[in-house]
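Undergrad: Fold the following.
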Amino acid sequence: MKKKALSLLGALVLTFSISFIALPAAVFSVAVYGDSLPSLAPMLESVSPAVVSISVEGSHTSKQRLPESFRFFFGPNFPSERIEERPFRGLGSGVIVDADKGYVITNHHVIDGAKKISVQLYDGREYDAQLIGSDSLSDVALLKLEKAKNLTKIEFANSDTLRVGDFAIAIGNPFGLGQTVTLGIISALGRSGLNLENVENFIQTDAAINSGNSGGALVNLNGELIGINTAIMGPNGGNVGIGFAIPVNMTKGLIEQILEFGEVIRGVLGVKGGELTTELAETFGYKTTHGAFVSEVLPNTAADKANIKAGDIIVSVNGKTIRTFSELRAKITTLGAGKEATLGLIRDGKDLTVSVILKKEDSVKAKAETFHEALTGAELEDNSESKVKGVRVSSVEKESIAARYGLKKGDIIVGLNRQAVHSIGDLERLLEVKPNILALNIKRGDSTMYLVIR
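TA: Okay, the predicted model is just below:
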């Protein structure tokens, strides 16, 4: 039996399918032989020029550890690693969001490692693009077209108002074939736990999305952008009707941060929790299962100062309904550090409202055992004083579990189970799934190593 796999639209698997969907005649129609037939053509004629094809050239750096015997023969000054540069070319899609300034949104993984980025418009014009900024954790990037004129931008919808069953149209450049349009519906909202990004709140759609669609548009029947196509789930990376897009409201907030700061500066609320299950709702006497359940409030955080308590249910942020814990995390990330947020809570059956000012993510310290028992005895903090992004081990208690596993003061955790770790928030999110094995990628002095904890 073939296993299903999650893919960032990177595998070349050709699948042919034909779908017939009856649209209401009143939605879009054109006259054909005197009859009125439903058609998306009028809408697509106006929105297609806002979707572009992206090609990149670059190189990925890989390190290969050399045998210790080399150091024996050539001495201690002989390098322990060999660095290799591997050239690559890639294809993707993008969406013009500002015609005057030439801004284009795409996925971070489309342009990651690129030294040259080229953009081809719908009418065939080609331009070089400059990377303004990107965020690997949410997989969003912003480009600027050089000297481009007469561009068409896409209009934004409000992705908070989407419903399961709404029609969705994917537009992009699959397999480098050129602009392609596919039709489907919104299959689910608020999808998370896919281990694709550290901040996940995906729109799920059955509109066909394939390799090369990354960064392309997911639009509604009005031609308004509702999401950025990002990933698929299927055998060998092929399309089986399960695709994922980043909601446009989340993308918009991240892009605003990139334009203001050159990067995404995440805010931290300072709560741990999960989904509000039926069992939890019954235990606490709640009549709803919508909301983010707070199981713990971290000390000296925004939540602590706002007097949020364990057992609270967060049901809204700035008046926007919160259905899941992952949706709460996405909303807080979109707002960014230093912003004020108004949270709607349910506590002991009563509705409450509190205001919080979100802290910058790197200002948070934490006891490692709050994330995983194997790290008990270590204290962690964001590595804000170095160019190396990661989580610094600020202290390790003698004879603690963390010490026995080999964790040392000064270690910088830069990855976990092949996922990048840039902050304590990243580490917490990756450990929420309680993995049986922890493969910690650690920078210790001038060396990089893996520490495997079973």
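Undergrad: just checking, what packs against the helix or strand harbouring residue 326?
TA: In the assignment (DSSP states H and E), residue 326 maps to helix 325-335. Applying 3 or more Cβ pairs under 8 Å, 6 or more residues apart in numbering; DSSP states H and E, one finds that helix 325-335 makes contact with helix 248-261, strand 267-268, strand 271-275, strand 292-297, strand 313-317. (Glycine included, C-beta is placed from N, CA and C.)
Undergrad: Turn these into TSV, columns for mean neighbour count.
TA: Formatted as TSV, the entries for the helices and strands packed on helix 325-335 read as follows, by neighbours: other Cβ atoms under 10 Å:
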stretch	mean neighbour count
helix 248-261	20
strand 267-268	24
strand 271-275	20
strand 292-297	20
strand 313-317	22
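Undergrad: Quick one, which of these gets closest to residue 432.
TA: Closest to residue 432 of the helices and strands packed on helix 325-335 is strand 271-275 (Cβ to Cβ; 7.8 Å).
Undergrad: contact partners of the closest one?
TA: With contact meaning Cβ atoms under 8 Å, 6 or more residues apart in numbering, strand 271-275 is reached by 292-298, 301, 303, 308, 314, 324-325, 370, 428, 432.
Undergrad: and residue 136, how many residues sit next to it?
TA: Applying other Cβ atoms under 10 Å, we find 18 residues neighbouring residue 136.
Undergrad: Wait, it touches residue 111, no?
TA: No: Residue 136 lies out of contact with residue 111 (Cβ atoms under 8 Å); the separation is 10.6 Å.
Undergrad: Identify the residue nearest residue 113 in space, chain neighbours excluded?
TA: Of all residues beyond its chain neighbours, the one nearest residue 113 is residue 58 (4.4 Å), with distances taken as Cβ to Cβ, 6 or more residues apart in numbering.
Undergrad: ok, now which ones touch that neighbour?
TA: Shown in contact with residue 58 (Cβ under 8 Å, 6+ apart): 87, 88, 90, 113, 114, 115, 116.
Undergrad: again, but for residue 224
TA: When contacts are taken as Cβ under 8 Å, 6+ apart, residue 224 is in contact with 154, 155, 156, 157.
Undergrad: Residue 173 now?
TA: By Cβ under 8 Å, 6+ apart, the contact list for residue 173 reads 53, 54, 91, 92, 93, 179, 180, 212, 213, 216.
Undergrad: And it, how close does it get to residue 126?
TA: Residue 173 sits 13 Å away from residue 126, going by Cβ to Cβ, to the nearest Å.
Undergrad: hang on, the earlier thing: between the contacts of residue 224, which is nearest residue 337?
TA: For those, the nearest to residue 337 is residue 156 (23.7 Å; Cβ to Cβ).
Undergrad: Could you count how many residues lie near the closest one?
TA: By other Cβ under 10 Å, the residues close to residue 156 number 14.
Undergrad: The contacts of residue 224: which two are farthest apart?
TA: Within these, two members stand farthest from each other by Cβ to Cβ: 154 and 157, at 9.7 Å.
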